[in-house]
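Engineer: I'll drop the sequence and a predicted model, then ask my questions.
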Amino acid sequence: MFHKLPQELVNEIISLLPDQPPKKGLAQYVTVSEHWRRTIECRIFSCLAIDSRMLPLFQRILRRTDRRELIRRLEYTFYIPESPHAWERKFLLLEDLRGFLKLVAVLNEVGIYIQIKLETSIRP
């Protein structure tokens, strides 16, 4: 039934759905039909905000090239836990940076370039 609706109507219905949890936000509706999945994924993946703790999950999600191509904006935050040891903070930042560079390489394969903004509350 839902696959026969005109695209404009599907877009309007999806725009009225809440895109934040309590459950899974818009993601819970991707199983309605293939038509809905494509429309919802376009909305979900066009603008993403992730941090380094989410990188493994994000890399699994992006194995599908059709999802990579939907990304128009990506905000990436390096998460570095507080530590009294400067060497430990530098090591954690280096590990996060390695993972981030792998992500950049994957996205560059489909022509997506990332603007990097680094904010930190770490004191020397």
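Structural biologist: Looks like it came in fine. Numbering: from 1, shown residues only.
Engineer: where does the chain have its least confident helix or strand?
Structural biologist: helix 86-108 (a mean of 78; mean pLDDT, DSSP states H and E).
Engineer: which helices and strands sit right next to that one?
Structural biologist: Counting by 3 or more CB pairs under 8 Å, 6 or more residues apart in numbering; DSSP states H and E, the packing neighbours recorded for helix 86-108 are helix 55-61, strand 73-77. Bear in mind the C-beta positions are built from the backbone N, C-alpha and C, glycine included.
Engineer: beta partners of the residue minimising distance to the centre of the chain?
Structural biologist: Computing the C-alpha centroid of the chain and ranking residues by CA atoms, centre = their mean puts residue 48 first, at 4.1 Å. Note on residue 48: beta-bridge partners by DSSP bridges are residue 74.
Engineer: Okay, it and residue 33: tell me how far apart.
Structural biologist: Taking CB to CB, to the nearest Å as the measure, residue 48 falls 24 Å from residue 33.
Engineer: Could I get the pLDDT score of residue 22?
Structural biologist: Looking at residue 22, its pLDDT stands at 50.
Engineer: Ignore what I typed, I meant residue 37.
Structural biologist: Value listed for residue 37 in the pLDDT field: 88.
Engineer: For it, grab the count of nearby residues.
Structural biologist: The number of residues packed near residue 37 is 14, by other CB atoms under 10 Å.
Engineer: secondary structure class for it?
Structural biologist: helix (DSSP: H, G, I helix; E, B strand; the rest coil).
Engineer: do you know how far the closest residue to it other than its chain neighbours is from residue 40?
Structural biologist: Nearest residue to residue 37, sequence neighbours excluded (CB to CB, 6 or more residues apart in numbering): residue 30, at 4.3 Å. Look at residue 30 and residue 40: by CB to CB, they are 5 Å apart.
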